[in-house]
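1. build the 3D model from these lines:
(chains A and B)
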Amino acid sequence: MNLLDAPHGTPLRVVDLAGGESVRRRLMALGFHKGDIVVLEGQAILRGPLLVRNCRSDTTVALGRGVAQKVLVEAVHEPA
Amino acid sequence: MSQPEVPTVIFIGQPNSGKSTLFNSIAGPKAETSNFPGTSIKHTHSRVAIDGRLVDVVDLPGTYSLCTSDPAEQVVLTHLFSERPDLVINVIDASTLSRGLELTLELVELGYPMVIALNMIDVAERKGIELEAGQIERRLGVPVVPTIAAHGRGVRELLDRAFDVLDRGQTLKPPRFSDDVETPVAEVERLLPAGFPVFSNGRFTAIKLVETAGHACGDFLGEVEPGLREAVDGARRAIETDRGAPAYEVISAERHHQAMKLAEESSRVLHGRRMTWDKKVDAVLMHPVFGYVILAAVFVAFFVIIFKVGNPLETLLLGPFDALMAALAARLGDGLLFHLAEGLIQGIGGGVAIVLPYFLPLLFLMAALEDFGYLARAGFLLDAFMHRIGLHGKSVSPFILGFGCNVPAVVSTRILESRRDRVLTSLLIPFIPCSARTTIVLALVAFYLGPLWAMGFYVMNILIVALLGWIISRFLKEPSPGLILEIPSLKAPRPGAILRKTWLQVHSFIRFAWPLLIAGSLVLSLLGYFRADGWINSVLAPLVVKGLGLPQELGVTLVFGFLRKELSLIMMLQALGVDYQSLMTVISREQIVVFTVFVSFFIPCLSTCAILWKEIGRKWAVLSVGLSVGVALVLSWAVRLIL
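-> Numbers count the residues shown, from 1 in each chain, chains lettered A, B, ... in the order given. Now for the predicted structure:
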């Protein structure tokens, strides 16, 4: 599933970053890589961006829906 | 050891690592700091004497990595590669250590002499993490000094260690990648032809060749000859076959894991994640309902405070100037001397009594919001709205800065990744009412017609920006790449930093704009004395009288509005020959609105035109001027028809 379909508030593992090279490079530069554990922490109204926290580095980014769609995740069950 | 040349020390770090704050505490209060990713886009140089030693310190814009296509961040590459520094001070936000170390690892690969400032160590402690600087130091061979730049803690030791490295040099220990990455990289390094522009060392150059192949950020490596190109492509393919992912991603992931491992080894969790104050505040600030209520409240409060502070202050400050004028008129009669004195007093008085009361609170509040970290949150909240006008949330910060002054706002569009977004945002910024125009709106519309009219004016203004954005984005088809915006942790507002930033802006007003205002006022007075303003007015009369329905005398003020918008207000009073309080005796309410609308929209001021030309090119700058004149005419006519 991608981030848009993922549940909020539970740990998710990034399984792939799809999308073009520039978007992937940008995401990686901000510390988002395959295998990282992230949590969705909020969403703005009117199909606004998602708030994604990387549990490892404790950084938060806002991702527009187009970008969020390209981040593929799976649910993890052990605590982050 | 004697050092014939002044050594250059550069500050480099990820956005929001506190780099500019640290730089300020060393170089004095010259660099602007803020809490929005990528706001210190212009780099700041200064030559300082520390313990009797001269050092050139350079503060570079924050950058997430050394492989970037973002124009603000590319400044960093230019500095690193073409103006080889003698020492790098790498500033890391200790509270997000693992991500910060990814840039550090790149710098260690680069291999210039360096020192690490493990900054905001207090924030990390608040998060329940205890860091062991010694561990990072042992692993990388780089001195690591814990600092709290905002309080000046650790700065002394940082400087001592920095001088130590400058004097004695150091041996860095760049960690190695896995063998299946390291081997192809070593192969490229071996094949680097003699005379190839090697940056710092062969390994770094080879890594960057493999990592940046085919990407815009590889440009700084220059032309790669066919033989080497083949070797680089071979190395990339080898890595990609082994790992099943693009080489740049594999190398980035390698660093990511090195950084996580290093961060883990050097931190100890003291207690679990606590709900700290900033998390609680953030939950409200970015709440789907309360977030917007607060956003709206911030904007309203903004203008109410300016009106409440500015208005009484203005009345208070204007009094003495009016009295002085009256006294001079009685003493000097109507000669040249009187006209000169009148121009001088109105210029000075205009600066003191009309501009500062509004300008100052606006700048102060803007600086406070910026420092607190609210701009990124506003970007998050408004992203969906920005999409409607063909942009995204990252443009919110340049727009908000535009309320202060359009010029830095246009410069700050460099944080946007795509040229299309930069052009569109830069075209819209001149329509954002900057503080100079706010002065006019508040002094004319709010003062004579009431605060509600002024509020209405702003709402109309924002709608016009939205409408223009929507129209222009129809013509700029290329899709916007989407929002990727870091939300930095909130900072408790630091009065010192806010005051310093406010002072910087006020200072530049006093230095550049005020003399212009006084000179303009004098010129206008002289024009009056020699009756030359009549000539300008009659040339402009068809536009001013027929087109806008304003008194013919106001023609000349429009010319001055081009120099600086707030001049129009002072010039208006002078041209009509009345003082501020008795304006309504010569001009009607409708005319005030038409004048304000026209002056606000027509032509970006001289400085804005210049910066547009520089940032987005002549073609777009000319288009911007045309657009403003068009919009100003259409709107003023519309207002005339409606009122």
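2. show me where chain A has strands.
-> With DSSP state E, the ranges of strands along chain A come out as A:11-17, A:37-43, A:50-54, A:59-63, A:71-75.
3. I figured residue B:227 hits residue B:193, correct?
-> Yes: under the criterion of CB atoms under 8 Å, residue B:227 is in contact with residue B:193, at a separation of 7.2 Å. Bear in mind the C-beta positions are built from the backbone N, C-alpha and C, glycine included.
4. what's around the closest residue to residue B:74 other than its chain neighbours, how many residues?
-> Spatial nearest neighbour of residue B:74, chain neighbours left out: residue B:68 (6.3 Å); criterion: CB to CB, 6 or more residues apart in numbering or on different chains. The number of residues packed near residue B:68 is 21, by other CB atoms under 10 Å in any protein chain shown.
5. in three-state terms, label residue B:68 for me.
-> coil (DSSP: H, G, I helix; E, B strand; the rest coil).
6. which residues touch it?
-> A:29, B:74, B:76-77, B:217 (CB atoms under 8 Å, 6 or more residues apart in numbering or on different chains).
7. pick the one among these closest to residue B:542.
-> Residue B:542 lies nearest to residue B:74 out of the contacts of residue B:68, by CB to CB, at 48.6 Å.
8. which SSE is that closest one in?
-> Element membership for residue B:74 (DSSP states H and E) is helix B:71-82.
9. how about that helix as CSV, C-alpha atoms only?
-> Listed in CSV are the C-alpha atoms of helix B:71-82, where the atom choice follows Å, rounded to 0.1, in the frame of the first residue of the first chain:
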residue,chain,number,x,y,z
PRO,B,71,19.6,26.2,-6.6
ALA,B,72,19.8,27.5,-3.0
GLU,B,73,21.8,24.4,-2.0
GLN,B,74,24.0,24.5,-5.1
VAL,B,75,25.7,27.6,-3.8
VAL,B,76,27.2,25.3,-1.2
LEU,B,77,28.7,23.1,-3.9
THR,B,78,30.3,26.0,-5.6
HIS,B,79,31.8,27.1,-2.4
LEU,B,80,33.1,23.7,-1.5
PHE,B,81,34.6,22.9,-4.8
SER,B,82,35.7,26.1,-6.4
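10. give the buried residues for that helix.
-> Neighbour-count burial for helix B:71-82, with 16 or more other CB atoms under 10 Å in any protein chain shown as criterion, is recorded at B:71-77, B:79-81.
11. where in chain A is pLDDT low?
-> Per-residue confidence for chain A (pLDDT under 70) gives these ranges: A:78-80.
12. returning to what we had before: can you lay out the strands of chain A as JSON lines showing mean neighbour count and distance to residue B:586?
-> JSON lines is the format used below for the strands of chain A (neighbours: other CB atoms under 10 Å in any protein chain shown; distance: least, CB to CB, whole Å):
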{"stretch": "strand A:11-17", "mean neighbour count": "17", "distance to residue B:586": "66"}
{"stretch": "strand A:37-43", "mean neighbour count": "20", "distance to residue B:586": "55"}
{"stretch": "strand A:50-54", "mean neighbour count": "22", "distance to residue B:586": "55"}
{"stretch": "strand A:59-63", "mean neighbour count": "26", "distance to residue B:586": "52"}
{"stretch": "strand A:71-75", "mean neighbour count": "18", "distance to residue B:586": "63"}
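13. ok, back up a step: what helices or strands is the helix holding residue B:74 leaning on?
-> strand B:8-13 (3 or more CB pairs under 8 Å, 6 or more residues apart in numbering or on different chains; DSSP states H and E).
14. at 10 Å what do you get?
-> Packing contacts for helix B:71-82, counted by 3 or more CB pairs under 10 Å, 6 or more residues apart in numbering or on different chains; DSSP states H and E, involve strand B:8-13, helix B:97-110.
15. to residue B:464, which of the ones you listed lies closest?
-> That would be strand B:8-13 among these, by CB to CB, at 39.3 Å.
16. touching chain A at all, stretch B:453-463?
-> No: using CB under 10 Å from any CB of the partner chain, no contact is recorded between stretch B:453-463 and chain A, whose separation bottoms out at 16.8 Å.
17. neighbours around residue B:117, how many?
-> 29.
18. quick one: what helix or strand has it in it?
-> When secondary structure is defined by DSSP H and E, residue B:117 falls within strand B:114-119.
19. anything in that strand near chain A?
-> No: Strand B:114-119 lies out of reach of chain A by CB under 10 Å from any CB, never closer than 14.7 Å.
20. hmm, back to that, so for chain A, which of the helices and strands packed on helix B:71-82 sits nearest?
-> When these are compared by CB to the nearest CB, helix B:97-110 sits nearest chain A, at 3.7 Å.
21. okay, buried residues for that closest one please.
-> Applying a neighbour-count criterion of 16+ other CB under 10 Å, one finds B:97-110 buried in helix B:97-110.
22. which ones are touching residue 63?
-> Picked chain A for this. Contacts of residue A:63 were listed using CB atoms under 10 Å, 6 or more residues apart in numbering or on different chains, and they are A:3-4, A:23, A:27, A:30, A:32, A:40, A:49-52, A:69-71, B:380, B:383, B:482-485.
23. other chain: chain B
-> Residue B:63 sits in contact with A:29, B:12-15, B:19, B:38, B:70, B:72-77, B:80, B:103, B:106, where contact means CB under 10 Å, 6+ apart.
24. that one should be in a helix, yeah?
-> No: the assignment for residue B:63 by three-state DSSP gives coil, which leaves it out of any helix.
25. please report phi then psi for residue B:488.
-> Here is the backbone geometry of residue B:488 (degrees, to the nearest 10): phi -70, psi 160.
26. and if you look at residue B:56?
-> Dihedral angles (degrees, to the nearest 10) for residue B:56: phi -90, psi 120.
27. with residue B:14 instead?
-> Note on residue B:14: its backbone torsions stand at phi -80, psi 160 [degrees, to the nearest 10].
28. count of neighbours near it?
-> Residues within reach of residue B:14, counting by other CB under 10 Å, total 26.
29. right, and it touches residue B:92 too?
-> Yes: counting by CB atoms under 10 Å, residue B:14 sits close enough to residue B:92 to count as a contact (7.6 Å).
30. quick one: the helices in the stretch 201-350 of chain B?
-> All helices of the stretch 201-350 of chain B, identified by DSSP state H, counting those that start in this stretch, fall at B:202-212, B:226-243, B:247-265, B:277-285, B:290-332, B:336-349.
31. okay, the residue nearest to residue B:74: pLDDT?
-> Looking at residue B:68, its pLDDT stands at 70.
32. tell me how far it lies from residue B:408.
-> Taken as CB to CB, to the nearest Å, the spacing of residue B:68 relative to residue B:408 amounts to 22 Å.
33. which one of the strands of chain A lies nearest to residue B:425?
-> Closest approach to residue B:425 among the strands of chain A (CB to CB): strand A:59-63, 17.3 Å.
34. just how off-centre is the closest one within its chain?
-> Relative to the mean C-alpha coordinate of its chain, strand A:59-63 is positioned 8 Å out (CA atoms, centre = their mean, to the nearest Å).
35. what's the angle from it to strand A:37-43?
-> The directions of strand A:59-63 and strand A:37-43 differ by 60 degrees, with axes from the mean of the first three to the mean of the last three CA atoms, to 10 degrees as the criterion.
36. got the CA positions of strand A:59-63 in PDB?
-> Presented in PDB, the C-alpha positions along strand A:59-63 are these (Å, rounded to 0.1, in the frame of the first residue of the first chain):
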ATOM      1  CA  THR A  59      12.300  14.200  11.800                       C
ATOM      2  CA  THR A  60       9.000  15.200  10.300                       C
ATOM      3  CA  VAL A  61       8.200  16.100   6.800                       C
ATOM      4  CA  ALA A  62       5.000  17.200   5.000                       C
ATOM      5  CA  LEU A  63       4.500  15.200   1.800                       C
END
